[in-house]
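[1] coordinates only, sequence not included:
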């Protein structure tokens, strides 16, 4: 009984931490990369939290700063709204199709993760962590879609071309939830690729005839 509780506690701990980290960083992105709180006249934390939940379409309203915040030469923070999946897939689809579709995808992903997770042994910590990261990321982005119909992205990675001093290689803008999903899926892929298959038991010799 204790082993089962330990496994599920690990899932709850990692997934909850990732969801909270995702939503906190998105709150900070709205606070520092947009004028949403200023327009809403939100000064206290409860007022800002209410504006964070209720404010929508900040790009369309011109509230997002066009100037990114530079962290390092290859890392910037830039507020964007992704209405599609990774890399903007299906972002141009109609809202009547896109929103229900991603709701169903999120529900299916959560059901798959729980059904897979419950079959894991207590000692399979690697797979437990991988699935917990995917779950936390999926829930984090699902909260965005439920509140706004799109996902807030703000982490912008690129590699500068020394000759032109401009981004030569650019990774699609993402968020903390996306990183959890990506790392978790990469861990699952590596597990499938390098997992040791159980050795087959040697065949028993045929019984000798009397």
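    Yep, it's here. All figures in this text were calculated on a predicted structure; none of them were measured in a lab. Numbers count the residues shown, from 1 in each chain.
[2] make it CA atoms for all contacts and neighbour counts henceforth
    OK.
[3] tally of neighbours for residue 46?
    Residue 46 has 10 neighbours, counted by other Cα atoms under 10 Å.
[4] and it, what element?
    Here residue 46 sits within helix 45-54, counting by DSSP states H and E.
[5] Need the pLDDT of residue 198.
    Residue 198 is assigned a pLDDT of 55 by the prediction.
[6] Summarise which helices and strands the next helix or strand after the helix holding residue 46 is packed against.
    Next in sequence after helix 45-54, counting helices and strands by DSSP H and E, comes strand 69-72. In terms of contacts (3 or more Cα pairs under 8 Å, 6 or more residues apart in numbering; DSSP states H and E), strand 69-72 is packed against strand 75-82.
[7] Buried residues, the strand it packs on. List them.
    By neighbour count with 16 or more other Cα atoms under 10 Å, strand 75-82 contains the buried residues 76-82.
[8] buried sites along the longest strand out of those in the chain?
    In terms of residue count, the longest strand belonging to the chain (DSSP state E) is strand 151-161. Neighbour-count burial for strand 151-161 flags 151-158 (criterion: 16+ other Cα under 10 Å).
[9] go on, stretch 105-117?
    106, 109-110, 113, 117.
[10] Likewise for stretch 61-80?
    In terms of neighbour count (16+ other Cα under 10 Å), stretch 61-80 has its buried residues at 63-65, 68-69, 76-80.
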